[in-house]
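Chemist: Sharing a model prediction with you, sequence too.
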Amino acid sequence: MLSLVIPAYNEVESLEELHQELNSMLHSEVLEAEIIFIDDGSTDGTWSKIVELAARDSRVRGLRLRQNFGKAVALNAAFTFVHGDPVVTLDADLQDDLKEIPRMIVKLEEGFDLVSGWRRRRFDPWHKVLLSRLLNCLFGILSGLKLDDHNCGLKCYRAAVLKEIKLYGELHRFITIMVYRQGFRVTQIETKHSHRRHGHSKYGPTRLLKGLLDISTIGFLCTFRYRPIHLLGGLGLLAFVGGVLGLALLAIMWFSDGGPIGVRPLLIYSVASVLFGIQSIIFGVLTELIIAHHLERGGKDDDQYTLLERVGGS
């Protein structure tokens, strides 16, 4: 069974058309599926429409978050309720061509774990397209995963992949990178993109700044999540050794009658470097102890969202 996961935030005008198009695609391709809509704290009639669709179609299930937690948290919440394999995520704005879903499933069966859409020709505001291309280029350089469209909402996953990722904040933009760094096979296929029929985009120019900050988070989580001592301890050791060498040089200068050392900037830098190094090593050890304690308790994270209502399914 196929699971379709659709986060929605103030998309009441699109849901009826989207459901009709999904129904048409599933019928023509003879696919059994569950359709999971997740209302991410909408302030319009989105939840009422989801309830209506669930009453008419037994395949529809709805989740409602108490407030707008963001797309990453909405997806993370929905992933805990999916029953199918594979799992397809798509946006509710009707800009993705649903006929691409069967093609993505076929591509997945070639041995890949995640197939991401590539909107070669995008019908979005120019500034949004430009920022997206800049971020995609940067993500490819920093992560080693060369994709043309990391943030396309249309993606097809094996269910096993979803058990390995935890989304929060703005990390939905980096699903491809997170999956790739976990050792899964990731690829892309070109997909059709359409003009937005209703509403307006929820993303603005601040997306670039957020992306630059979040990519550093991804780099840390993928590389040092369970071994922070390698980063903090390594930096601390480097700073400590540098500070000790500076103090040793000052000592040699003092014993060789090189003049007073108390007024030399090197003294301040060296002492600060030694202290920074010691603190970094201590922080590294403490984070290792926290992680070890967390894993001993089963490694379970508290929910990052409040589920207000559910409708449809079991």
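Modeler: Okay, I see it.

Chemist: I'd assumed S132 was in a helix, is it?
Modeler: Yes - assignment of S132 by DSSP: H, G, I helix; E, B strand; the rest coil places it within a helix.

Chemist: Look at it and report its pLDDT.
Modeler: At S132, the model reports a pLDDT of 70.

Chemist: Excluding covalently adjacent residues, which one is nearest to it?
Modeler: Spatial nearest neighbour of S132, chain neighbours left out: N151 (6.4 Å); criterion: Cβ to Cβ, 6 or more residues apart in numbering. Every residue, glycine included, has its C-beta placed from N, CA and C.

Chemist: Which pLDDT value belongs to that neighbour?
Modeler: 75.

Chemist: From G284, how far off is it?
Modeler: Separation of N151 from G284 (Cβ to Cβ, to the nearest Å): 33 Å.

Chemist: Can you point out the buried residues in stretch 86-104?
Modeler: Buried residues in stretch 86-104, counted by 16 or more other Cβ atoms under 10 Å: 86-98, 100-104.

Chemist: Outline the domain layout of this structure.
Modeler: Residue ranges for the domains of the chain, per automatic domain parsing: 2-225, 228-296.

Chemist: Just the helices from the protein, written as ranges.
Modeler: According to DSSP state H, the chain carries its helices in the segments 12-29, 46-56, 71-79, 100-108, 126-143, 159-162, 175-181, 207-224, 228-255, 265-296.

Chemist: Of all the ones you listed, which one is nearest L4?
Modeler: Among the helices of the chain, helix 12-29 comes nearest to L4, with 6.6 Å by Cβ to Cβ.

Chemist: Residues touching the closest one, excluding its own?
Modeler: When contacts are defined by Cβ atoms under 8 Å, 6 or more residues apart in numbering, helix 12-29 is touched by residues 2, 4, 6, 8, 31-33, 35, 37, 42, 44-46, 48-50, 53, 57, 60, 92-94, 98-99, 101-102, 197-199.

Chemist: Could you rerun that using 6 Å?
Modeler: A33, D44, G45, T46, K49, L53, A92, D93, L94, L98, P102, H198 (Cβ atoms under 6 Å, 6 or more residues apart in numbering).

Chemist: pretty sure Y157 is in contact with V87, am I right?
Modeler: Yes - contact criterion Cβ atoms under 6 Å: Y157 and V87 qualify, at 4.7 Å.

Chemist: tally of neighbours for L245?
Modeler: Applying other Cβ atoms under 10 Å, we find 12 other residues in the vicinity of L245.

Chemist: Please apply the same query to V271.
Modeler: Neighbour number of V271 under other Cβ under 10 Å is 14.

Chemist: And for it, nearest residue in space, chain neighbours not counted?
Modeler: Distances taken as Cβ to Cβ, 6+ apart place G243 nearest to V271, at 6.8 Å, with adjacent residues excluded.

Chemist: Can you name the residues that contact that neighbour?
Modeler: G243 sits in contact with S270, S273, V274, where contact means Cβ under 6 Å, 6+ apart.
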